[in-house]
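Student: Below are the sequence and a predicted model; questions follow.
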Amino acid sequence: MPNPEGFKDIIEGRQTYVYTSTGMYVDTLIQLSAYFDDSGCPEYYHYQLKNQHSPKAIFATEYDLGPRV
């Protein structure tokens, strides 16, 4: 189920760095959804991205974790 109140907390439109098994790209958050277990507790969250380029994203973060030269 979409979670518009939680989405306000992560700031709509924030850019995020998405890391995949083959590299990294920058995308924009457009929606936050929460999935609940039978007791009503949140089991996990799903962050929908605007231009998800890879179906195999590993994780996303607001920080650029790329190598430094």
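Tutor: Okay, I see it.

Student: Bridged to the spatially closest residue to G66 that is not a sequence neighbour, which residues?
Tutor: Of all residues not flanking G66 in the chain, M24 sits nearest, at 6.3 Å (C-beta to C-beta, 6 or more residues apart in numbering). All C-beta atoms are positioned from the backbone trio N, CA, C, and that covers glycine. Beta-bridge pairing of M24 under DSSP bridges involves Y19.

Student: With the one 5 residues further on instead?
Tutor: Using DSSP bridges, the beta-bridge partners of L29 come out as L49.

Student: That one and H46 touch, don't they?
Tutor: No - in this structure, L29 is not within contact of H46 by C-beta atoms under 8 Å, at 11.0 Å.

Student: Looking at those two, which has the bigger crowd around it?
Tutor: L29 (19 against 11; other C-beta atoms under 10 Å).

Student: distance of the more buried one from G40?
Tutor: 25 Å (C-beta to C-beta, to the nearest Å).

Student: Show me where the protein has its helices.
Tutor: For the chain, applying DSSP state H gives helices covering 4-9.

Student: got a list of what Y17 touches?
Tutor: M24, Y25, V26, A60, T61, E62, Y63, D64, L65, G66 (C-beta atoms under 8 Å, 6 or more residues apart in numbering).

Student: Around the last one, how many other residues sit close by?
Tutor: Okay, so that is G66. 10.

Student: Kindly report the same for the second one.
Tutor: A total of 17 residues lie near Y25 under the criterion other C-beta under 10 Å.

Student: hang on, it packs against L49?
Tutor: No - contact status for Y25 versus L49: not in contact, 9.7 Å apart, counting by C-beta under 8 Å.

Student: so where is this structure shaky, pLDDT-wise?
Tutor: Along the chain, segments meeting pLDDT under 70 span 1-13, 42, 67-69.
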